[in-house]
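Student: I'd like to go over a predicted model; first the sequence, then the structure.
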Amino acid sequence: MNKNIKPESSIHLMDKLIGLIEAIPHSDRLLVRIAFFLFIGTTVWLILSINQNHSEITPTSGGSFIEGVVGTPRFVNPALAFTRADQDITALIYSGLLKIGEDGVLKNDLAENISISEDGRTYIVTLRKDVTFHDGTPLTARDVAFTIHLIQDPDLKSPLRGNWSDVTVEEVSEYELHIKLEEVYTPFIENFTLGIMPAHAWSNLPIEQLPFSQLNTEPIGSGPFSVTAARRSTSGVIEHYTLTAFHDNGTTPKIDTVGLAFYQNEEQLLTALGEHKIDATAYVSSEHISQVAALGYQTVEQSLPRVFAIFFNQNRSAALRDTAVRNALTAAINRDVLIENALQGHGVPISTPTILGSSTLESTGSIANEATSSESERAVAILKAGNWTKNDLGLWEKKIDKELVALTVTLKTSNSPFFANLVDSITKQWEAIGVQVTVEQFEQTGLVQSVIRPRDFEALLFGLDMSRSHDLYPFWHSSQQDDPGLNIAQYANVEVDKLLEKARTEPYGVGRIELLHSASDIIVKEQPAIFLFQPTFTYVIAEDMFIAEMKELGRPTDRFSNIALWYTENDSLWTIFRKNNSEE
């Protein structure tokens with residue numbers, strides 16, 4: 001700054017300018033004043049426009065947010081995490097060989113490189129050498145091998161054991177290992193997002209003591225955040241975690257601190273949201289989303305790879321073995337009504353077992369939606385064409401194998417409020433075409449043990465978790481008809497079997513998608529189930545929060561895959577300066 005220029009000089013110039021205006025004749029003074037203020041206004045507008053056009057909102061480091069979680073942390077441990085609460089915290093504390101990128105594609109995390117042998121059965125993993133655990137210990141191949149072997153131990157009873165069965169691990173060097181499969185299985189690579197545990201902290205514990213270790217609630221990982229504080233209730237239950245950004249794994253988060261507040265139920269969580277005690281949560285049920293949005297929160301939605309369907313057990317019902325009946329029951333369903341009643345609109349209608357490559361309702365054969373007739377009219381027409389007639393009681397009946405069979409359906413499902421709303425809508429739609437429906441609802445454990453495992457049902461309303469691999473084999477291959485297989489409709493088709501077997505060995509890409517769609521088309525044509533909808537996952541966040549785009553999530557926990565990119569603090573920076581900063 002020129003020291004010869006006095007600060008008062010700009011004020012004197014303004015006084016002189018106003019004096020000149022005052023010296024102008026009264027007849028012209030108004031026009032000059034208008035022109036003067038128009039000039040000032042235009043200049044301000046021009047400056048603001050230039051600033052808006054040449055500046056960008058740029059995330060800055062710092063800030064914090066509090067995540068609301070329903071549940072109590074018990075196993076913050078990749079090998080034992082089962083509840084959503086445990087899985088959420090584990091995702092923040094631990095990191096895997098791979099992670100889901102912003103585009104939904106797997107990318108390196110702890111791994112520097114992963115290559116696959118020509119026969120497709122061996123994964124050659126090279127680890128990064130710059131990664132440490134939160135306690136400063138280097139992460140090596142020993143830790144990866146330890147984690148996998150731990151999960152494989154039958155005495156631990158890890159929920160992930162099935163993902164790693166028939167897998168061997170060989171430590172080649174400190175930072176290289178080979179992971180070998182007995183058979184080629186393309187979707188196996190999805191398992192590489194597994195969080196890696198520190199062998200030096202866990203290996204000395206007897207397997208029977210591992211579930212009771214303090215490390216389950218005071219974890220040591222290598223993920224984007226580390227636990228720096230834990231607040232417990234008088235009974236010792238953790239009520240709040242404070243997590244701090246970890247700076248030694250190469251991907252320092254922009255957010256400095258994450259708080260995790262734990263609540264016993266959704267009611268307590270909704271109260272905390274109403275009082276703005278928390279900034280984000282993934283635990284708001286669909287019926288309360290609009291209520292929360294009205295409180296000033298953003299909602300971000302992403303579909304999940306889950307398929308809700310009504311599965312038929314044709315071995316238990318002569319009526320359901322009839323193709324016309326299965327087609328009519330399908331035609332009678334209005335999926336949009338189901339989604340509105342059970343999910344308040346937070347779902348995507350589907351008509352096929354695969355949701356890979358499409359998230360919209362595809363019309364196929366007899367289940368196509370026709371604008372010229374209602375669902376019930378089409379369903380009735382299908383029954384009549386199939387030689388079903390109504391008796392004096394108004395029930396449909398038909399002679400099958402010389403026996404008169406009445407069209408009745410016993411529908412079994414869970415007794416949760418979600419399924420209660422869903423089954424009520426389905427029942428009304430089937431009864432509208434004259435089908436007698438009996439509903440039986442069970443606690444979740446009872447449903448699995450008494451209904452699904454022994455295949456004791458005529459019709460079952462249930463949801464299947466397809467995972468990110470979209471592998472149809474576990475659900476529709478004939479080898480999976482009996483428990484513990486998941487082919488609960490006991491479906492068998494030789495051509496479908498061949499397609500699903502080939503899809504398991506086909507690399508990710510168009511070829512694999514075509515195989516899965518070909519199998520799907522055959523399944524839909526034979527109607528062993530009615531495919532209803534794919535639910536969407538809703539994440540509630542504060543208005544000033546920015547999160548990375550969520551794509552191809554396998555489960556709600558996957559929202560944290562790119563948390564290093566999230567921010568709550570930002571600044572407006574001219575593009576030219578942003579480029580200069582980037583170059584530096």
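Tutor: Now that the structure is in, tell me what you want to look at. Numbering: from 1, shown residues only.

Student: tell me where the stretch 451-584 of the chain has helices.
Tutor: 473-476, 494-505, 510-526, 575-583 (DSSP state H, counting those that start in this stretch).

Student: list the contacts of the shortest one.
Tutor: Meaning helix 473-476. With contact meaning Cβ atoms under 8 Å, 6 or more residues apart in numbering, helix 473-476 is reached by 353, 464, 466, 480, 485-488, 491, 496, 500-501, 503-504, 519, 523. Bear in mind the C-beta positions are built from the backbone N, C-alpha and C, glycine included.

Student: and of the helices of the stretch 451-584 of the chain, who's closest to Ser203?
Tutor: Distance to Ser203, taken as Cβ to Cβ, is lowest for helix 473-476 among the helices of the stretch 451-584 of the chain, at 32.8 Å.

Student: give the rounded mean pLDDT of that closest one.
Tutor: The predicted model gives helix 473-476 an average pLDDT of 97.

Student: likewise stretch 455-469?
Tutor: In this model, stretch 455-469 has a mean pLDDT of 95.

Student: gap between Leu472 and Leu516?
Tutor: 6 Å (Cβ to Cβ, to the nearest Å).

Student: Phe82 too?
Tutor: Phe82 sits 29 Å away from Leu516, going by Cβ to Cβ.

Student: which of these two has more neighbours?
Tutor: For Phe82 against Leu516, the residue with the higher neighbour count under other Cβ atoms under 10 Å is Leu516, and the figures read 25 against 13.

Student: report pLDDT for Ser366.
Tutor: pLDDT recorded at Ser366 is 37.

Student: what secondary structure does Ala85 sit in?
Tutor: Under DSSP: H, G, I helix; E, B strand; the rest coil, Ala85 falls in the helix class.

Student: what's the burial count for it?
Tutor: Other residues close to Ala85 by other Cβ under 10 Å number 23.

Student: doesn't Thr72 make contact with it?
Tutor: Yes - counting by Cβ atoms under 8 Å, Thr72 is a contact partner of Ala85 at 6.6 Å.

Student: how close does Leu447 get to Thr389?
Tutor: Going from Leu447 to Thr389 by Cβ to Cβ gives 35 Å.

Student: who has more neighbours, the two?
Tutor: Legend: neighbour count by other Cβ under 10 Å for Leu447 and Thr389, higher for Leu447 (23 against 11).

Student: for the more buried one, which non-adjacent residue is closest in space?
Tutor: Nearest non-adjacent residue to Leu447, counting by Cβ to Cβ, 6 or more residues apart in numbering: Ser414, 5.5 Å away.

Student: what do you get for Lys398?
Tutor: Trp388 (4.7 Å).

Student: surely that neighbour touches Trp396?
Tutor: Yes - applying Cβ under 8 Å, one finds Trp388 in contact with Trp396, separated by 4.6 Å.

Student: shared neighbours, the two?
Tutor: Leu407.

Student: so what's Gly63 up against?
Tutor: Lys254, Ile255, Asp256, Thr257, Tyr567, Thr568, Glu569.

Student: try Arg512
Tutor: Thr186, Ala503, Glu506.

Student: which one of those residues has the most neighbours?
Tutor: The most crowded member of the contacts of Arg512 is Ala503, carrying 25 neighbours; neighbours defined as other Cβ under 10 Å.

Student: in the longest strand seen in the chain, which residues are buried?
Tutor: Longest strand in the chain, counting residues (DSSP state E): strand 529-541. The neighbour-count check on strand 529-541 (16 or more other Cβ atoms under 10 Å) flags 529-541 as buried.

Student: where do the contact lists of Ala85 and Thr72 overlap?
Tutor: By Cβ under 8 Å, 6+ apart, the residues touching both Ala85 and Thr72 are Phe262.

Student: how's the protein carved up into domains?
Tutor: Domain ranges of the chain: 9-58, 64-297+542-567, 306-536, per automatic domain parsing.

Student: lowest average pLDDT across those?
Tutor: Among the domains of the chain, domain 9-58 scores lowest, at a mean of 64.

Student: partners of the residue nearest to Leu447 in the sheet?
Tutor: Phe442 (DSSP bridges).

Student: quick check: the gap between it and Arg84.
Tutor: Ser414 is 17 Å from Arg84, where distance means Cβ to Cβ.
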